[in-house]
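**Student:** I'll drop the sequence and a predicted model, then ask my questions.
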Amino acid sequence: MNKQKVPVNLITGFLGVGKTTAIRRLLANKPAEQYWAVLVNEFGEVGIDGAAISSASAQLNVVEVPGGCICCTTSPMLRVSLTKLLRERRPDRLIIEPSGLGHPSGIIDVLRDPYLAAALDVRATITLVDPRQLNDTRYTSHEIWREQITLADVLIANKCDRADAAEVDHFMAMARGMYPPKLAVQTTSQGEFELGLLDLRGEIPAPQTPASELRHRARSTRQASSASERSQMSPGDVAGEGWVVKDHTEPGQASRGWVWAPEVRFSAQQLAELFQRLHAHSTLGLLPVQRAKGVFHTDHGWLLFNWVGNEASAVEIAWRRDSRAELIVSGDVPDWHGFETAMLACILPPTPSTSAQGN
């Protein structure tokens, strides 16, 4: 497809958090000349939200996919609905409102299908949270509630006019302490937030380099740069085509972070072995490690790796924006070469069935 890609956003959140109200406000404030489409997923068989939204604007196309979650039981219908929508009249923006009981990470994977990815530009996923829920284990222990928060690029506490100061502070502390970090964290009432949040982007490396070339170029770049030169890199410097690196140094402590495009895939087994080696930091040429963490798109799905207290762990995670890692060591002038080379060696070559997909 040679037409300009359609920006697409997910607006997620648990049942009753105010997603439909937020979308109605977005539609009321959108540029008057733009034609937007909204894909609404109801958990039941009879769609209600679609009717509520469609009255908000004449420059609007509302597509309903009732009867379950569009990322599981009706996922073929998601592809069908999107294809039909794009063929009938190409919108200037597409908003997807999954069911409050849906797994939104599955939708992101569908949107990165090679065919759909040629037509859609996946932008910020915005998750609404009622801060009063943070004191209720019916929410905090719910898998979908946690997934919606983890997946979010932008996290917004809605209904703050009904919450007390302690509940809002609790939300802010939780949001600011999350890894990977959010692009934005805000508080609001009545679902109101700025249109600009829809177009926030992370630090996705550009241009994106095929994984088969990434490992070779990574090693070539590392061999061409001395450790002293690399330790002076400023935040945001590109370490090589296909990944971004950021350094931070304080007296007695230093950290380095890496970011890869979501299409880059890693070997889960090799990453697990690498994180397990961190207790023997000298074998990687590292100073004593204080903390290591990373979220990676792997051959076993998206995984969050943690190393703390000489123990390594890995769990599934809903995060989909990018792969990233961060390492903190004791000392002012660390040499990252050994660990970085070992981590880059975990990158998998592309295969016909997975190189173009995000799932």
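**Tutor:** Arrived safely.

**Student:** Count the residues that sit near E203.
**Tutor:** Neighbour count for E203, taken as other C-beta atoms under 10 Å: 17. All C-beta atoms are positioned from the backbone trio N, CA, C, and that covers glycine.

**Student:** and the spatially closest residue to it that is not a sequence neighbour, how many residues sit next to it?
**Tutor:** Using C-beta to C-beta, 6 or more residues apart in numbering and skipping residues adjacent in sequence, the residue nearest E203 is V259, 4.8 Å away. Using other C-beta under 10 Å, V259 has 22 other residues around it.

**Student:** E250 now?
**Tutor:** 9.

**Student:** What of the one 3 residues further on?
**Tutor:** Residues lying near Q253 (other C-beta under 10 Å) number 15.

**Student:** what sits against it?
**Tutor:** When contacts are counted by C-beta atoms under 8 Å, 6 or more residues apart in numbering, Q253 touches Q290, I328, V329, S330, G331, D332.

**Student:** From A342, how far off is the second one?
**Tutor:** Distance, I328 to A342, by C-beta to C-beta, to the nearest Å: 17 Å.

**Student:** which strands and helices sit next to the helix or strand harbouring L10?
**Tutor:** Using DSSP states H and E, L10 falls within strand 6-13. Helices and strands touching strand 6-13, as assessed by 3 or more C-beta pairs under 8 Å, 6 or more residues apart in numbering; DSSP states H and E, comprise helix 19-29, strand 93-97, helix 104-111, strand 120-122, strand 126-129, helix 143-151.

**Student:** For the stretch 101-250 of the chain, which residues score under the pLDDT cut-off?
**Tutor:** 101-102, 204-241 (pLDDT under 70).

**Student:** Show me the strands in it, by range?
**Tutor:** Ranges of strands in the stretch 101-250 of the chain, per DSSP state E, counting those that start in this stretch, are 120-122, 126-129, 154-157, 184-187, 238-240, 243-250.

**Student:** how about the helices in the chain?
**Tutor:** Assignment of helices within the chain using DSSP state H yields the ranges 19-29, 49-54, 75-88, 104-111, 114-117, 137-140, 143-151, 165-176, 211-224, 227-231, 268-276, 337-344.

**Student:** Apart from its chain neighbours, what residue comes closest to F275?
**Tutor:** A312 (4.0 Å).

**Student:** about what we covered before: tell me which of the helices and strands packed on strand 6-13 lies nearest to C160.
**Tutor:** C160 sits nearest to strand 126-129 of all these, at 10.2 Å, using C-beta to C-beta.

**Student:** Please save the CA atoms from that closest one in PDB.
**Tutor:** Provided in PDB are the C-alpha atoms of strand 126-129 (Å, rounded to 0.1, in the frame of the first residue of the first chain):
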ATOM      1  CA  ILE A 126      -3.600   5.200  26.500                       C
ATOM      2  CA  THR A 127      -4.900   3.400  29.600                       C
ATOM      3  CA  LEU A 128      -7.400   5.000  32.000                       C
ATOM      4  CA  VAL A 129      -7.300   4.100  35.700                       C
END
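
**Student:** rewinding a little: measure the residue nearest to E203 to H300 for me?
**Tutor:** In terms of C-beta to C-beta, V259 sits 21 Å off from H300.

**Student:** Which members of the contacts of Q253 occur in strands, if any?
**Tutor:** Q290, I328, V329, S330 (DSSP state E).

**Student:** for the first one, what are its contacts?
**Tutor:** This means Q290. Applying C-beta under 8 Å, 6+ apart, the residues near Q290 are Q253, I328, V329, S330.

**Student:** go again using 7 Å as the cut-off
**Tutor:** Listed by C-beta atoms under 7 Å, 6 or more residues apart in numbering, the contact partners of Q290 are I328, V329, S330.

**Student:** and it, what pLDDT?
**Tutor:** Note for Q290: predicted pLDDT of 95.

**Student:** Please parse the chain into its domains.
**Tutor:** What automatic domain parsing lists as the domains of the chain is 6-199, 211-344.

**Student:** how about these in CSV, adding distance to P350?
**Tutor:** CSV is the format used below for these (distance: least, C-beta to C-beta, whole Å):
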stretch, distance to P350
domain 6-199, 12
domain 211-344, 5
